[in-house]
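A.B. asks: Any chance you can model this:
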Amino acid sequence: MKEKSNYNTKEEAVEFLMNETNLTYEECSKANDFHIRLNKKN
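C.D. replies: Modelled structure (predicted):
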């Protein structure tokens, strides 16, 4: 079963990651993209 994201947009998810980790926008955006690809069904 696919888990639904708690964020409506990528920007919301990246902003959350930035607040939690103090990493840059670019780093958090890449981490979010990786997470999406990792959990995507083929």
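A.B. asks: Residues contacting stretch 9-17, please?
C.D. replies: Residues from elsewhere that reach stretch 9-17, judged by Cβ atoms under 8 Å, 6 or more residues apart in numbering: 5, 7, 23, 25, 28-29, 31-32. To be clear about C-beta, it is placed using only N, CA and C from the backbone, and glycine gets the same treatment.
A.B. asks: Going by neighbour count, which of those comes out on top?
C.D. replies: Using other Cβ atoms under 10 Å as the neighbour test, the contacts of stretch 9-17 are led by residue 28, with 20 neighbours.
A.B. asks: Looking at the contacts of stretch 9-17, spot the one nearest residue 39.
C.D. replies: residue 5 (9.3 Å; Cβ to Cβ).
A.B. asks: For residue 9, give me phi and psi.
C.D. replies: Per-residue torsions, residue 9: phi -140, psi 160 (degrees, to the nearest 10).
A.B. asks: measure it to residue 16 for me?
C.D. replies: Separation of residue 9 from residue 16 (Cβ to Cβ, to the nearest Å): 11 Å.
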